[in-house]
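Asker: Structure here, sequence nowhere to be found:
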């Protein structure tokens, strides 16, 4: 078995306007890296759209109706100061969530060892009832709820390595005794959440806030000493990675000092935990990363580790 790559050209139709950091060029850069010969043995699939029922497991009520109603027929519409939608955003967001569902299905069936979803828009800031921070649907949370509802993997975990705290995933998981969320992130920083004291209603949230300028040693210690022991105590059935690469030292939106080797190391550490805890079941979902060269190098290091470790 090898690694599944799920993506789609429709993700490029999510137009955020000129000069917006969450641009189609991000995905083009990632996919260019994953077209290199070392990745020839990846299994590749085009993302199918998630259904409203699938999305509503993480975003209940009329969230999808409101979101679809906000998609303009032409031009751009701002949902907040950072979050922009265009006519192509509706299909892009449902395919982004659908990509994670497809990845879960493939890993659950043991068709592949693990999966990487090269998607946009990203998802980890999207709360149960609010899009924000470039994010429309919480892709990782939708995938986690699908793993539970369809495949019977009761205990789900998300490990978030983006430079920004995934407030949306934390909020969706907060009251859920069978969901675990852990994050390393710059703090204090956008979106303002992610303090160490934020532990969730069932003590299943582990936040490792990192001061601006923090590098490899602090990041690796946070995973080794806090997140991975918490994950082991939780004993998940399925692990998701919110794979943001904006903690790279060259990223224009972050202030941490990581490099691609740190992301490869973190990927291997999470995979080792998955092998001992849940049969190696891992699905990774692209989140942030805004320096195109750094994003490409980090994403390729991440996927090569998923493939070869």
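Answerer: Sure, I can see it. Note that the coordinates shown come from a computational prediction; the quantities given were computed from them, not determined experimentally.
Asker: For this structure, which residue occupies the most central location?
Answerer: Centroid-nearest residue in the chain: residue 242, 2.8 Å away (criterion: Cα atoms, centre = their mean).
Asker: Checking my notes, that residue in a strand, right?
Answerer: Yes: assessed with DSSP: H, G, I helix; E, B strand; the rest coil, residue 242 lies in a strand.
Asker: per-residue pLDDT, the nearest residue to it once chain neighbours are set aside?
Answerer: If you skip the residues right next to it in sequence, residue 242 has residue 160 as its closest partner in space, 3.9 Å away by Cβ to Cβ, 6 or more residues apart in numbering. C-beta here means a position set from N, CA and C on the backbone, and glycine is covered the same way. Residue 160 is assigned a predicted lDDT (pLDDT) of 99.
Asker: Surely residue 160 and residue 180 touch.
Answerer: No: using Cβ atoms under 8 Å, residue 160 is not in contact with residue 180, being 11.1 Å away.
Asker: And for the closest residue to residue 118 other than its chain neighbours, the neighbour number?
Answerer: Spatial nearest neighbour of residue 118, excluding adjacent residues (Cβ to Cβ, 6+ apart): residue 7 at 4.1 Å. Residue 7: 24 surrounding residues under other Cβ atoms under 10 Å.
Asker: ok, residue 7 touching residue 120?
Answerer: No: counting by Cβ under 8 Å, residue 7 stays clear of residue 120, with 9.4 Å between them.
Asker: who touches both of those two?
Answerer: Common contacts of residue 7 and residue 120 (Cβ atoms under 8 Å, 6 or more residues apart in numbering): residue 27.
Asker: Secondary structure class of residue 115, three-state.
Answerer: Here residue 115 is strand, with the state taken from three-state DSSP.
Asker: Could you tell me the end-to-end distance of stretch 32-45?
Answerer: 16 Å (Cα to Cα, to the nearest Å).
Asker: For it, give me every contacting residue.
Answerer: So stretch 32-45 is in contact with 2-7, 102, 106, 111-112, 118, 296-297, 299-300, 303-304, 307, going by Cβ under 8 Å, 6+ apart.
Asker: Give me the buried positions along it.
Answerer: Under the neighbour-count criterion of 16 or more other Cβ atoms under 10 Å, stretch 32-45 has 33, 34, 39, 42, 45 buried.
Asker: helices or strands next to the lengthiest strand in the chain in the packing?
Answerer: In the chain, taking DSSP state E as the definition, the longest strand is strand 179-186. If contacts are counted by 3 or more Cβ pairs under 8 Å, 6 or more residues apart in numbering; DSSP states H and E, strand 179-186 sits against strand 156-160, helix 167-173, strand 205-210, helix 228-234.
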